[in-house]
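# Predicted coordinates and the sequence they were generated for:
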Amino acid sequence: MRFLFKTDYEDDIRLFPHSGYVWSYGTLLVLLVIAPYALSSYLISQLVFVCIYATVGVALLILTGFTGQASLGHAAFLAIGAYTAAYLQQFNVPFPIYFLAAGLLTGLVGAIVGFPALRLQGIYLVIATISFAFIVEEILARWESVTHGNEGMRIKTIALLGTTVPRDGPAFYFLCLAMLILTIVGSLNLLRSPTGRAFIAIRDSETAARSMGINVALYKVKSFAISAAITGFAGVLFAHKLSFISPEMFTLQLSIEFIIVILIGGIFSLHGAVLGAIFIVMIDPFLTYLKDDMPGMIGSVAAALGAGSEGAAHIQDRVAAFASANGLKGAIYGVIIVLFVLFEPLGLYGRWLKIKLFFQLFPLYKRATFKRQKIYVKSERNR
Amino acid sequence: MSYFRAENLSLHFGGLKAVDAVSFAVEKGEILSIIGPNGAGKSSIFNLISRIYSPTSGRIFFEDQDITGEPAYGIAKLGIARTFQNIELFENATVLNNLLVGRHRHSTTQLWQELLFLPSVRAKEKAHRRRVEQVIDFLDLEPYRDKLISGLPYGVRKVIELARALCTEPRLILLDEPSSGLNVEETDDMSFWIRDMKSELGITVVMVEHDMTLVNRVSDRVIALNYGRVLAMGTPSEVQHHPDVVAAYLGS
């Protein structure tokens, strides 16, 4: 067990409270830097998606986790970023410029979406953001002169500093990693400044925030704008990674995936966004495994248990039909959300903290330590 | 001219006159208590001053400035802080962060500076932290700095709310039942702090309070309200022995 003795106000401000953090995050960074040279291209591609999802997760955490404004419209922000990049690229605008433009434009749209949020709360705000997402999806499908409608748009490889950055090479991975790290550092900086504290104040008590001199309306709009802008940046790299975008990629399901990222990861800390992103990216390989391998496996188990060859084949067919049923992914998402909200509202990061505390306090850990926690996900504040 | 003045302040909810043409003045550096039975409109007056409600009619002046049209966040920026009857702290934040929110009206950093956490932001954060530490020292909150509010007992929360209000460096502070839910010792501490706020920090205090011992001990003047109207105004003993006040509390 480590005891921190604070001797300076700096100790309350610094990002790494003690040297242990420097070591563990340093090691993580080294591993992430050598990863593209050690892992297969499939895994690198998965890591790129983790970076992009985690960036959106951080954006959503700023809005939902720290300002307390729920949003099911982040797929639309991602789409706006992606389409801005695709559109500007046609006119040979260089990458850094359209990257910035996409973020700024999305931030502006986010601020505009933030205005109705001033009067809406909880479930009503969720409905408003869903409507916004549908409107954007519809515009993308109909505004053919700019978005090419349902045909979608191709995105060329990034041209940067005279070379190209292919979407499956290590350079692209580093670009995504850099975006994620910069987003996290920027967000942490924000959270230890007056703006971040104002966000938290608005989440926990708007009345008290007002009487402390916080312009609640202004900060809600700011939170929406920042969150949207980060999502817009992520959208540019998302578009480049996929190399082709069309309206049906930015559906409600994608927004729900982003919510899952923060809900599963843990809504109270930026760690949650990264853990949640890893989780959500791993679901797809898991579903593939479910489809390809599980029916055969269950069939052979059934045969071994004496089901007979005909019966085993029958069971195998049924399992295969189940595993490839439409909407299975959505159903799994639903079950996951319900289970996490009921049994681990602090998410994966909360679970990790409990495990860590268990070893720190060993053998004195009590199961009741976290029994009386009243946290944001379950509190009445999350209206 | 008075330091703070309310003129013919009214708040009507439909036919209910929660506050009915109340006028009063507060002098600089005094402690004024507002007493009255339940539903007399005491807290409503506070909510009118801090603009959680908008007055139906009437005007409010602070330092010779008409503040009736200010938004809620503007009131705090003028130097009027308040506490709440049912504690309104930021539950899922640490004590330190709660108090630092109190410093919000003094923050001058821009968003882009904060994103980069420039040295200027760092320096200002440290300055805020230093001011917060002075308040922590003033109210003996040292053991709780890094604790989450959600895990703290009621009495401590009450003090933290006072601390948060003091962190805004107010010139006028509105205390809504500072001793409700506190035990005898905590109430004693509270009465010392209220007097120290006046004498050491030079803050003008207006408080709503039911505990008459506390009211007698700290107040310079008392206003008694009933049914949204002023019954009596004067020194604590004058008001307590006023026949209308006795009738309001005990019945005639």
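Yep, it's here.

# Show me chain B divided up by domain.
B:4-79+B:170-250, B:91-154 (automatic domain parsing).

# near chain A at all, the first one?
Yes. Domain B:4-79+B:170-250 comes into contact with chain A when judged by C-beta under 8 Å from any C-beta of the partner chain, the residues involved being B:50, B:51, B:52, B:71, B:72, B:73, B:74, B:75, B:76, B:77. No exception for glycine: its C-beta is placed from N, CA and C like everyone else's.

# Low-confidence bits of the chain, can you list those?
I'll assume chain A. A:1, A:368-383 (pLDDT under 70).

# oops, I was thinking of chain B
Using pLDDT under 70, chain B drops low at B:1.

# Would you mark the buried spots in stretch B:171-183?
B:171, B:172, B:173, B:174, B:175, B:176, B:177, B:178, B:179, B:180, B:182 (16 or more other C-beta atoms under 10 Å in any protein chain shown).

# Show me the strands in chain A, by range?
In chain A, the segments counted as strands under DSSP state E are A:153-154, A:158-160, A:163-165, A:244-245.

# same question but for the stretch 51-200 of chain B, I mixed them up
Using DSSP state E, counting those that start in this stretch, the strands of the stretch 51-200 of chain B run over B:57-62, B:65-66, B:80-82, B:172-176.

# so residue A:260 touches residue A:335, yeah?
No. Counting by C-beta atoms under 8 Å, residue A:260 does not reach residue A:335; the two are 11.2 Å apart.

# who's in contact with residue B:77?
Contact analysis of residue B:77 by C-beta atoms under 8 Å, 6 or more residues apart in numbering or on different chains lists A:213, B:105.

# please redo it, this time with the cut-off set to 10 Å
A:212, A:213, A:214, A:215, B:70, B:71, B:104, B:105, B:106, B:168 (C-beta atoms under 10 Å, 6 or more residues apart in numbering or on different chains).

# Could you pick out the buried ones from those?
So, by 16+ other C-beta under 10 Å, the buried ones in those are A:212, A:213, A:214, A:215, B:70, B:104, B:105, B:106, B:168.

# which non-adjacent residue is nearest the third one?
Once its chain neighbours are removed from consideration, residue A:214 has its nearest residue in residue A:198; the separation is 4.8 Å (C-beta to C-beta, 6 or more residues apart in numbering or on different chains).

# can you check the fourth one too?
Distances taken as C-beta to C-beta, 6+ apart put residue B:73 closest to residue A:215, at 4.7 Å, once the chain neighbours are dropped.

# doesn't residue A:218 make contact with that neighbour?
Yes. Residue B:73 is within contact range of residue A:218, at 8.7 Å (criterion: C-beta atoms under 10 Å).

# So between these two, which is more surrounded?
Neighbour comparison, residue B:73 and residue A:218: the larger count goes to residue B:73, with 22 against 13 (by other C-beta atoms under 10 Å in any protein chain shown).

# Roughly how far does the more buried one sit from residue A:299?
66 Å (C-beta to C-beta, to the nearest Å).

# Report the contact partners of residue A:270.
Neighbours of residue A:270 in contact, by C-beta under 10 Å, 6+ apart: A:54, A:57-58, A:61-62, A:65-66, A:183-185, A:187-188, A:191, A:262, A:349.

# Swap in 7 Å and give it another go.
A:58, A:61, A:184, A:187, A:188 (C-beta atoms under 7 Å, 6 or more residues apart in numbering or on different chains).

# Run through who's touching stretch B:244-252.
B:37, B:224, B:226, B:231, B:232, B:239.

# likewise stretch A:124-141?
A:69-73, A:75-76, A:79-80, A:83, A:113, A:116-117, A:120, A:147, A:149-150, A:247, A:250-252, A:255.

# Filter those down to the buried ones.
By 16+ other C-beta under 10 Å, the contacts of stretch A:124-141 give A:69-73, A:75-76, A:79-80, A:83, A:113, A:117, A:147, A:247, A:250-252, A:255 as buried.

# In chain B, what residue spans correspond to helices?
B:42-49, B:72-78, B:95-102, B:111-116, B:119-138, B:154-167, B:184-199, B:212-218, B:236-241, B:243-250 (DSSP state H).

# got TSV for those, with distance to residue A:285 too?
Listed next are the helices of chain B as TSV, based on distance: least, C-beta to C-beta, whole Å:
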stretch	distance to residue A:285
helix B:42-49	56
helix B:72-78	49
helix B:95-102	40
helix B:111-116	35
helix B:119-138	43
helix B:154-167	48
helix B:184-199	58
helix B:212-218	66
helix B:236-241	75
helix B:243-250	73
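
# Tell me which of those helices lies nearest to residue A:282.
Closest approach to residue A:282 among the helices of chain B is made by helix B:111-116 (31.1 Å; C-beta to C-beta).

# Enumerate the positions of that closest one that are buried.
Quick answer for helix B:111-116 (16+ other C-beta under 10 Å): B:113, B:114, B:115.

# Run a quick neighbour tally on residue A:119.
10.

# now the end-to-end length of stretch A:87-95.
12 Å (C-alpha to C-alpha, to the nearest Å).

# Figure out which of the domains of chain B is closest to residue A:202.
Across the domains of chain B, closest to residue A:202 is domain B:91-154 (C-beta to C-beta), at 10.0 Å.

# hmm, that closest one touching chain A?
Yes. Shown here: domain B:91-154 in contact with chain A (C-beta under 7 Å from any C-beta of the partner chain) through B:91-93, B:96-97, B:100-102, B:104-105, B:107, B:109, B:111, B:114-117, B:121-122, B:125-126, B:129-130, B:150.
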